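Asker: could you work out the structure for the sequence below:
(chains A and B)
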2 protein chains.
Amino acid sequence: MVERHALPSSVGTRLVTVASGRRLRAENGGKRPHFGSESGSRMCELARAQRGSRFQERPAVAMVPDPFQIFPVTGGRRYSEVQIDMNSTAFKPIHPPVRTLMGPGPSDIHPSVLAAMAAPTVGHLDPYFLQIMDEVQTMLRQVFQTDNQMTMAISGTGSAGMEACVVNLIEPGDKMIACQNGVFGGRMADVAGRAGADVTKLERPFGEVFSTEDIAKAVDQHKPKVVGIVHAETSTGALQPLEEISKVVHDAGALLLVDCVTSLAGLPVEIDKLNIDAAYSGSQKCLSCPPGLAPVTFSPKALGVMDARKTKVASWYLDISMLRNYWGGDRAYHHTAPINMNYGLHQALRLVLEEGLDARFARHRLHHEALKAGLEAMGIGYSVANAEHSLPMLNSVLIPDGVDDAGVRKQLLNEFGIEIGGGLGPMKGKTWRIGLMGDAAQKPNVLLFLAALEQCLATQGKAAGAGAGVAAANDRYLKA
Amino acid sequence: MVERHALPSSVGTRLVTVASGRRLRAENGGKRPHFGSESGSRMCELARAQRGSRFQERPAVAMVPDPFQIFPVTGGRRYSEVQIDMNSTAFKPIHPPVRTLMGPGPSDIHPSVLAAMAAPTVGHLDPYFLQIMDEVQTMLRQVFQTDNQMTMAISGTGSAGMEACVVNLIEPGDKMIACQNGVFGGRMADVAGRAGADVTKLERPFGEVFSTEDIAKAVDQHKPKVVGIVHAETSTGALQPLEEISKVVHDAGALLLVDCVTSLAGLPVEIDKLNIDAAYSGSQKCLSCPPGLAPVTFSPKALGVMDARKTKVASWYLDISMLRNYWGGDRAYHHTAPINMNYGLHQALRLVLEEGLDARFARHRLHHEALKAGLEAMGIGYSVANAEHSLPMLNSVLIPDGVDDAGVRKQLLNEFGIEIGGGLGPMKGKTWRIGLMGDAAQKPNVLLFLAALEQCLATQGKAAGAGAGVAAANDRYLKA
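Answerer: Below you'll find the predicted structure:
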């Protein structure tokens, strides 16, 4: 059966086309259609009775106020010549399971952000999109706590943001120190090496952080152009203090490059106050947007260093000198920006700023403390030895002896819809990574996770204090 | 006023939360809420009367069948602790104008693709997402007409696809011929130079194509490792024949790299038949998906060349040797793939294959012919001299003498919602680029555009045969 759908244009409203019961019955082998709720079903019945339509109900259209602005998933289109064979044997349409995303990212996403992703696409030089770019930049500056003009979203994921920062600051032969106390510090060293940097890897064991003395000694010895360090190491859950290090790096005349992928919008990332020259993040962590964009910011000093380059940036796609002309005043075409991803980021940033940075940081801290209290009551400890250096949004905990890592994660996913992460690199099989990032940082998630984990451990015969985890978390909440 | 929204979980259904009339009135200064349609309004009234609820209507939930599967824009979420100040002075939420996208991309997008973009995000290693990756790969192979195992979507836009192909095939010092007869051939030369290639630019004037003899002579003289050429030059509208050239390139022992950004899914791109070693495209042209992904394919021979590299690929983010482990059997974490973009591409590919490649190519051809007949009746000619080399999906036409380029494009956008492109590079101010890509290639668009253009030209006092364009296009359709 081939259907041709002609959809009415509808701007700024949400439109539901309800297939008629008759048609659904025909396709379901004569069974009545199942409507998701009694009242929804009744509304359809009422409307059907009233209109007597045989093949199509009228769409239900409602104005929904900001910020639950919901888009026409029609995209405002009138018509399509694409003919659909409803009996095709092609792959099934997208229909994902609903997960509670408590891993190392992507994190849970607010419904209004997903709705923004489905807004009608406009051109990358459309006056409307140029305005959205301006607004995204303004909001990113607020979240990065910076006045840096060159603050924008790279059209790729967090690792593209890392690469953008490194390849623009580094010319072949330049000295760079990459601080490696986890997977992502190691990745930065790899990226720098490919860009032709003379890389010195400064190493600390996974889960530890660098002291000011470590950095002071290294910059004194190597006289680097750039020092790269990870603020929130997603692979280990360690939080790197930056204030003293920034002074030491700048006293040595170097630039400070910081990985804020996991910290941005969950912990203070004070670019200007800390005098950070370049930083990158990802959309899918504490910003709670789907993955696909990498916020970056560059200080005027970093831009000056780029302006003084003798060689072209190794990557055309990530060349900031050209991206500045697209994201800056000239609006010169560079590449076709991911329009709908930027819609999503725009809405995610609105939510961050509506909540307020301080409130958001406090929320991440509260739920981390409740989770930690619960886990400790169940005898589960953190892999970061010094509690001061534990990230609130990424809880890296030691898997209890004798517990099957993959078995627990699989059970959490299949029986509770909860995703947590396993350990990366040398932590594989030794740690779980429990994210409380952005929208995922909420009471229901903490309590549900602790309750579900208790069941998973009991399934493996490793019961840990019946109810103790939930009780301890509740205790923390009651003191809040 | 601060609202806290608790949303019921809902999988595979679409959910509309209708704010109550009472609340909307309160926020609208006492005015009645405006509902988008009489029947929608009536349904709300009926439900309201029945339930007597004061502050919130029940959600209307309906099952919508494939392929108009519509997602819970709630993402299945139960709750959010993010509090929204409804009186905030922050930027307005995303609410784009509805455009008819007839420029050089992005193209018009099918409603079901936008709906897929809003489906609940899952993790990048979730079993569901791994299945979606497999299916995207399978469908991309069909569209590229190849058995190449290494066929996937790069997590960036088309230019990232270009860069991925070049940097993986090229090692510093390798010889490459970049064929430049437009902006994108020139971009390929730039990318190759940054990757350290010894680049020979083979040039033809904008709007012309390369002859087999041109290429034969160049490969004979330069003995390159790679020859890069653009199949469908988006900046000029020229279609490059490839069959003979492929033979010449391979006879000389070189690899053939082809830019299919604008041709894929609108014209045959026969990777295996033409023996193309590497090719890249973009999601936002004839695939009619939002921008953000770059389909690429590599032949076993190209992979062999990569396996034999002596140096690391300049880009970590685009390193195919690592991407193979994520998109291939091992599923080793590389970067966090843009989940929702891949949902969109999945649905876009489903529509391409449901329509059928041959039918899709014929559709692009038909509407091109109708548009061309209309434009010629209005005295507007194509900038590609040889009609055989005119792209059907990208119509590059000469702006009539004395007509204000920007004025016409602005009027089309503001008064008709139609986006077309201006000329790029040396064509700036001389050509318009009218896209009939993917979903944009349809009768209503062709007729509306011709009618609107007639009005725009008349506004400038350059009237061109009243009704002649529409009549000629209709004549072509009536002969179809």
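Asker: contacts only, for whichever residue of the stretch 151-300 of chain A sits closest to chain B.
Answerer: Closest residue of the stretch 151-300 of chain A to chain B, CB to the nearest CB: A:Gly292 (3.4 Å). All C-beta spots, glycine's among them, are computed from the backbone N, C-alpha and C. The neighbourhood of A:Gly292, defined by CB atoms under 8 Å, 6 or more residues apart in numbering or on different chains, consists of A:Gly156, A:Thr157, A:Ser283, A:Gln284, A:Pro338, A:Met341, A:Gly344, B:Ser155, B:Gly292, B:Pro338, B:Asn340, B:Met341.
Asker: switch to 6 Å and redo it
Answerer: A:Met341, B:Gly292, B:Pro338, B:Met341 (CB atoms under 6 Å, 6 or more residues apart in numbering or on different chains).
Asker: any idea which element it lies in?
Answerer: Using DSSP states H and E, A:Gly292 sits within no helix or strand.
Asker: A:Leu256 now?
Answerer: Judged by DSSP H and E, A:Leu256 forms part of strand A:255-259.
Asker: packing partners of that strand?
Answerer: strand A:226-230 (3 or more CB pairs under 6 Å, 6 or more residues apart in numbering or on different chains; DSSP states H and E).
Asker: after the strand it packs on, next one along is what?
Answerer: strand A:232-233.
Asker: ok, and what's touching the next helix or strand after that next one?
Answerer: Per DSSP H and E, the first helix or strand lying C-terminal to strand A:232-233 is strand A:238-239. Here strand A:238-239 makes contact (CB under 6 Å, 6+ apart) with A:Gly207, A:Val209, A:Ala232, A:Val384, A:His389, A:Leu391.
Asker: residues near the closest residue to A:Gln240 other than its chain neighbours, how many?
Answerer: Closest residue to A:Gln240 apart from its sequence neighbours, by CB to CB, 6 or more residues apart in numbering or on different chains: A:Val209 at 4.8 Å. Look at A:Val209: counted by other CB atoms under 10 Å in any protein chain shown, it has 22 neighbours.
Asker: from what I see, A:Val209 and A:Ser390 are in contact.
Answerer: No. In this structure, A:Val209 is not within contact of A:Ser390 by CB atoms under 6 Å, at 10.6 Å.
Asker: ranking by neighbours, what's the top pick from the contacts of A:Gly292?
Answerer: With neighbours defined as other CB under 10 Å, the most crowded of these is B:Gly292; it has 33 neighbours.
Asker: for it, which non-adjacent residue is spatially closest?
Answerer: For B:Gly292, the spatially nearest residue (CB to CB, 6+ apart) is A:Pro338, at 3.3 Å.
Asker: over to A:Asn395?
Answerer: Leaving aside its chain neighbours, A:Asn395 sits nearest to A:Ile434 (4.2 Å; criterion: CB to CB, 6+ apart).
Asker: before we move on, what about A:Tyr280?
Answerer: Counting by CB to CB, 6+ apart, A:Gly161 is the residue found nearest to A:Tyr280 once chain neighbours are left out, at 3.2 Å.
Asker: touching the helix or strand containing that neighbour from outside, list them.
Answerer: If you go by DSSP H and E, A:Gly161 is part of helix A:158-169. With contacts defined as CB under 6 Å, 6+ apart, helix A:158-169 is touched by A:154, A:191-192, A:195, A:226, A:257, A:261, A:278, A:280, A:282, A:294, A:296, A:306, A:313-315, A:318, A:320, B:316-317, B:335.
Asker: lowest-confidence helix or strand of chain A?
Answerer: Least confident helix or strand of chain A, by mean pLDDT, DSSP states H and E, is strand A:14-16 with a mean of 29.
Asker: all helices for the stretch 351-480 of chain A, in order.
Answerer: Taking DSSP state H, counting those that start in this stretch to define them, one finds helices in the stretch 351-480 of chain A at A:357-377, A:405-416, A:443-459, A:468-478.
Asker: need these in CSV with mean pLDDT, mean neighbour count and distance to B:Leu366, can you?
Answerer: Shown next, in CSV, are the helices of the stretch 351-480 of chain A (pLDDT from 0 to 100; neighbours: other CB atoms under 10 Å in any protein chain shown; distance: least, CB to CB, whole Å):
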stretch, mean pLDDT, mean neighbour count, distance to B:Leu366
helix A:357-377, 97, 20, 54
helix A:405-416, 97, 16, 48
helix A:443-459, 97, 20, 53
helix A:468-478, 98, 18, 64
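Asker: kindly reformat those helices as JSON lines containing distance to chain B.
Answerer: JSON lines is the format used below for the helices of the stretch 351-480 of chain A (distance: least, CB to the nearest CB, whole Å):
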{"stretch": "helix A:357-377", "distance to chain B": "6"}
{"stretch": "helix A:405-416", "distance to chain B": "8"}
{"stretch": "helix A:443-459", "distance to chain B": "6"}
{"stretch": "helix A:468-478", "distance to chain B": "12"}
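Asker: next, count neighbours for the nearest residue to A:Arg433 once chain neighbours are set aside.
Answerer: Nearest in space to A:Arg433, with sequence neighbours left out and distances taken as CB to CB, 6+ apart, is A:Gly421 at 3.7 Å. Neighbourhood size, A:Gly421 [other CB under 10 Å]: 22.
Asker: can you dump the C-alpha atoms of the helix holding A:Gly161 in CSV for me?
Answerer: Written as CSV, here are the backbone C-alpha positions of helix A:158-169 (Å, rounded to 0.1, in the frame of the first residue of the first chain):
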residue,chain,number,x,y,z
GLY,A,158,34.3,17.0,22.1
SER,A,159,37.4,15.4,20.6
ALA,A,160,37.0,17.7,17.6
GLY,A,161,37.1,20.5,20.1
MET,A,162,40.3,19.1,21.6
GLU,A,163,41.8,18.8,18.1
ALA,A,164,40.7,22.4,17.2
CYS,A,165,42.4,23.9,20.2
VAL,A,166,45.6,21.9,19.7
VAL,A,167,46.1,22.3,15.9
ASN,A,168,45.5,26.0,16.0
LEU,A,169,47.9,26.7,18.8
